[in-house]
Structures are given as structure tokens and as C-alpha cells.
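> Here's a sequence, model it:
(chains A and B)
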Number of protein chains: 2
Amino acid sequence: MITSIANPQIKYFRKLKNRKYRNETGMFLVEGTRIVIEALEESKNITDLIVARELLRNENAKKAVKDAESKGIPLVEVSTEVFESLSTKDGPQGLAAIVRQNWHSLEEISGTLGGVWIALYEVSDPGNLGTIIRTLDGMGGEGVILIDQCTDPFDPSAIRASMGAIFAKKIIKTDLISFEKWVRQKNVIVVGTSDSAERDYENFNYPRNLILLMGSEREGLPDALAQICHSIVAIPMEGKSDSLNLSVASSIILYEIYNQHRKIS
Amino acid sequence: MITSIANPQIKYFRKLKNRKYRNETGMFLVEGTRIVIEALEESKNITDLIVARELLRNENAKKAVKDAESKGIPLVEVSTEVFESLSTKDGPQGLAAIVRQNWHSLEEISGTLGGVWIALYEVSDPGNLGTIIRTLDGMGGEGVILIDQCTDPFDPSAIRASMGAIFAKKIIKTDLISFEKWVRQKNVIVVGTSDSAERDYENFNYPRNLILLMGSEREGLPDALAQICHSIVAIPMEGKSDSLNLSVASSIILYEIYNQHRKIS
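Numbering: from 1, shown residues only, chains lettered A, B, ... in the order given. Sure, this is the predicted structure:
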């Protein structure tokens, strides 16, 4: 059992709280019983399971440890103090995992897309990103395309907000110019959203395979992206607010798409 | 100009970051140019405008200060250091206001309700609460009813997430037993939501005047509340997730209600 917070492996784990270090290593840390169990379902990407036995709360957590052992995942047993040095939670649950970031590419989906995707331009709030991935999973979508300077999907807040859906959905990172070029070359159908669009999001027939494109929290869609959209839709609003929260707006349109598709299937 | 962070008035302002003190005084603090401008539209509830002139960013902020002066709202000029001691933001904008909490009661709305309300049982995340108020304003709803131990709508995170909608919507606080009794006595139509309900939220005709009732993030709807619902609807889901974020689920149903109402009007 590792009891020193200065242990080199523990230092490496702890540094994964930092985005720069996550980028360099291509790894991330997840903690909490529920999320680790979700991660274990994609166990090929787990390099280490971190366990503080004193903190384990329930049978599910103990079962997860046994499950990981039977799958040959290296166990790193640590003291409560060491676990707390890694944790970003108020009540650490004694279970964490080091997971390899699993990125996909636009090339992989160039055929039919395979369903509904959401593309986010410079999304900045990790909670919004995680919540959007959770809703995308809820409506049976394929994955998320992050354009330009987005927040990190492997940020602890994004993972927490996704409630494990981050392990089930494909994630692609690209830049505006590559995305634009790819959309034009492959004739991908992109539906954008904008407060100022004339078309009501409810009066639009969403195709089976499409990318819903959302602008950033602050700036909305840049012109270069608006120009590659097949259509741009708006969510109508009453009241004094002039916009909705990004994850709310995304979710309202994703569910409209889902509702249309389940009616005609 | 106040330059000491130990000034008694500044100490009072600062203590409003604390929920207990907000409850005792019935006041709260808002900061930021945009939100203070929203608050000024309801200026009868503002007791003090706090200004750090060095930090004021733009003409809108300066105009807000003049506007407040012309309305006779007391100005409290403070140094940058004092302002920063009050601020919960990374980049303080030099403008804040002390505002009286404006609560409404179930008795006031006992007639027809006047439109769509949302009732939240033990909502715990202030970001969720603020986001729900923002969406409620977006779809033209009336207000929010907080049942039992809810987070504080006057928490800085809730105010920020509401994007000012908190000043435009009515807020009512009650407890489960009073709410239950009121619903039965007044024959109010309450539509609940539950993952396990059989009725699809899309296959339901929402009346003009209704209360949409949502359970807590962790526990959903307690039985006592489920029993007073006219109907209980569910949002169908694919994928591995078994629920949506509370503000997302609330927003999807609020927009379904709005869409139905705007079609028949």
C-alpha cells in the first residue's frame, strides 16, 4: 500500500488534475464508485485502478475492485491520506481509475455519420459539455465534435456532469478550417442554431444523419461556420432573456430531433 | 469613498455571501454590469448600489450608475480593494447592488395560476435552479415554487445561471405538507415527472394553467407528491444513462408545453 503523497506514481496521478498534463500524457483520472464502474465497462482503456479500502462505501465498490482484478487491471492500493490528495470530491469514495483518452477522427465517420452528432464551437464550460454528452446519450446520438478552443471533455467537472456517458460516446477534436473543409468535401448535413435565425427549430425536418452545430456560450456561431450550415434554426423565446443556457438549448433541439425520429420509425 | 474592508457597512455586504445571513436579513448581493442593470429595472427592491469607479468597464456600467442616482438609490463608492473583498468573480466589474428578496405566496396565485409554473422538490444545485428560472422565463412561464429544503435562489451561482431572469419571475417557498394541502383545496393541476412513468411527456395535452413538478437531483419525486399529481410523465431515453440533468429535463418539458400552447393560440 502506498502511504506517501510524495510517491512518484501518486505525483503522476495528481498531476492529471491539470489539463496541460492530461494533454501531454493522453490520460485522465476518474473518481467515484459509479463513474469507475462505468469506466470498467470500457476496461481496455484503464491503466490503473486506485483503491483506498478504508474509504470504500458499499458492495458495489468492492465488487468493482474484484471485477478489475479479474480483468487483470493493475491495482494501486493507497492510504486514505494519499487518496484524499488525489480527490476533487468532498466525500472521497476510495475508488478512482486512470483512463486513456479515447479520441476519434472526422475521417472515421465520413460515410453516413451513423446517426446524430453534436458539434460545439469553443464551448467553454466543462459542466455544459458534460451535460450535453449526457443528453446526447439519452437521445441515442453518436458523439460530439469539438471545434477550436473547447474546454476539456476529460476535465473532472465535465466527466461528473456526463454521468458516465463520456465513456459511451465518441469524441472528436478538430479546428474550424478542417471541419469546414470536411463538411464541404463529404456533403455532410449540418444544422446550425442562432438566436437570429428565422426558421423555428420545431418547423424543420431533421434527417437521420446530421450534425447539430452550436456556437459558444458567449459569441454564438461565427460566420464561417454559419456559411456551411444546411439550415439554421432558432428556439423562440418570450420573456426578458435573449438566450438559453447552452446545454439547455442543445438538449431542447436534440430532443426535438429524437422525437421526430422516433415518430417515423 | 470607503477604503477600508473593515468598514461596518462593507462587513454587512460581505456577510450576504452567506446563506444564513441572507435569510436573516432578507437581502442579497448581485454583482456584474449586466445583472445590476437587470436589477435596476426592479429598482424598488434595491437598497444600495456599490460602485468602484476604477473598475467600471464600459459606458453601460457608467449609465447604470447615473440611472441609479436619478432614481434616488443610495450610492456606496468603494475602492478597488474593498470591491474585491465583496466579489465572487474572477474579473470584478466594479458594480454591485444590495437587493431585497422578493418572495410570493401560494395564496397569491390561488385563482387560475395565471400560466405555467414549475415546482421543484429539494433542488440542491444552485446552477440548476438558476438555469431552470432562465428557461422558464424563455418560455414565458410565471414563476417557481420551491418545496422543502431547496438551494437558495439568491445564491450567487443561482443568480448568475438565471442571467437576470430571477428578477422577472415570481418565487415562492413552501413545504411539502402546505403544498399538498393547497393543491387539493384549490384543485390545482400538477403534472409530475418520473423516469418510471408510463406516459410519454410528448403524448400529453398540457393545460394553459398548470404546475410542472420535478423531483430532486438524487431522489426524484417522493410518493406524497406523486399522489397529488394529475398525471406523471416521463422523458424517454436511449443509451446507457438512466436520467437527464434536472435543468435539462425541466427545460425539455417546459419547451414541449410552450410549443403546444403556441400552436393552439
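> Could you tell me which residues of the stretch 51-200 of chain A lie near chain B?
Selection of the stretch 51-200 of chain A residues close to chain B by CB under 8 Å from any CB of the partner chain yields A:127, A:131, A:134-135, A:137-140, A:161, A:163-165, A:168. From N, CA and C alone the C-beta is placed, and that goes for glycine too.
> How many neighbouring residues does the residue in the stretch 151-265 of chain A that chain B sits nearest to have?
With CB to the nearest CB as the measure, residue A:238 is the residue of the stretch 151-265 of chain A nearest to chain B, at 3.2 Å. By other CB atoms under 10 Å in any protein chain shown, 13 other residues sit near residue A:238.
> Spit out the contact partners of it.
Residue A:238 sits next to B:137-140, B:258 when contact means CB atoms under 8 Å, 6 or more residues apart in numbering or on different chains.
> ok, for residue A:258, nearest residue in space, not its chain neighbours?
residue A:139 (3.8 Å; CB to CB, 6 or more residues apart in numbering or on different chains).
> okay but residue A:149 is in contact with residue A:121, surely?
No - Residue A:149 lies out of contact with residue A:121 (CB atoms under 8 Å); the separation is 9.2 Å.
> Of those two, which one has the most company?
Between residue A:149 and residue A:121, counted using other CB under 10 Å, residue A:121 has the larger neighbour count: 23 against 11.
> ok, the more buried one touching residue A:224?
No - look at residue A:121 against residue A:224 with CB under 8 Å: they stay out of range, at 9.7 Å.
> Between those two, which contacts overlap?
residue A:176.
> what's next to the helix or strand bottoming out on mean pLDDT in chain A, contact-wise?
Across the helices and strands of chain A, mean pLDDT, DSSP states H and E gives its lowest value to helix A:33-41, namely a mean of 90. With CB under 8 Å, 6+ apart as the test, helix A:33-41 has contacts from A:30, A:45-46, A:49, A:57-58, A:60-61, A:64, A:67-68, A:71, A:73, A:93, A:95-97, A:99, A:159-160, A:163-164, A:167-168, B:240.
> Could you rerun that using 7 Å?
Contacts to helix A:33-41, defined as CB atoms under 7 Å, 6 or more residues apart in numbering or on different chains, come from residues A:30, A:46, A:57, A:60-61, A:64, A:67-68, A:93, A:95-97, A:99, A:159, A:164, A:167.
> Buried ones only from those residues, please, as a PyMOL command.
In PyMOL, a selection of the buried entries from the contacts of helix A:33-41 looks like this (16 or more other CB atoms under 10 Å in any protein chain shown):
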select buried, chain A and resi 30+46+61+64+67+68+93+95+96+97+99+159+164+167
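> Give me the lowest-pLDDT entry from the contacts of helix A:33-41.
Among these, residue A:57 carries the lowest pLDDT, at 82.
> Could you find the closest non-adjacent residue to that residue?
The spatial neighbour of residue A:57 that comes closest, neighbours along the chain excluded (CB to CB, 6+ apart), is residue A:93 at 5.5 Å.
> do the same with residue A:234
Counting by CB to CB, 6+ apart, residue A:197 is the residue found nearest to residue A:234 once chain neighbours are left out, at 4.0 Å.
> about what we covered before: now the element after the least confident helix or strand of chain A, going C-ward?
strand A:46-51 (DSSP states H and E).
> how about that following strand as PDB, C-alpha atoms only?
Provided in PDB are the C-alpha atoms of strand A:46-51 (Å, rounded to 0.1, in the frame of the first residue of the first chain):
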ATOM      1  CA  ILE A  46      -8.000   1.700 -17.900                       C
ATOM      2  CA  THR A  47      -4.300   1.500 -16.900                       C
ATOM      3  CA  ASP A  48      -4.700   1.600 -13.100                       C
ATOM      4  CA  LEU A  49      -7.400   1.200 -10.500                       C
ATOM      5  CA  ILE A  50      -6.700   3.200  -7.400                       C
ATOM      6  CA  VAL A  51      -8.200   1.900  -4.200                       C
END
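> Just the buried positions in that strand, please.
For strand A:46-51, a neighbour-count test (16+ other CB under 10 Å) marks A:46, A:48-51 as buried.
> ok, those vs residue B:3, which is closest?
Nearest to residue B:3 among the buried residues of strand A:46-51, counting by CB to CB, is residue A:50 at 49.6 Å.
> any idea how far residue B:52 is from residue A:228?
When distance is defined by CB to CB, to the nearest Å, residue A:228 is 44 Å away from residue B:52.
> Domain-wise, how is chain A divided?
Domains of chain A are assigned by automatic domain parsing as A:8-100, A:106-264.
> highest average neighbour count across those domains?
Ranked by mean neighbour count under mean count of other CB atoms under 10 Å in any protein chain shown, these are led by domain A:106-264, which reaches a mean of 19.
> where's that domain relative to the chain centroid, distance-wise?
Distance of domain A:106-264 from the chain centroid (CA atoms, centre = their mean, to the nearest Å) equals 12 Å.
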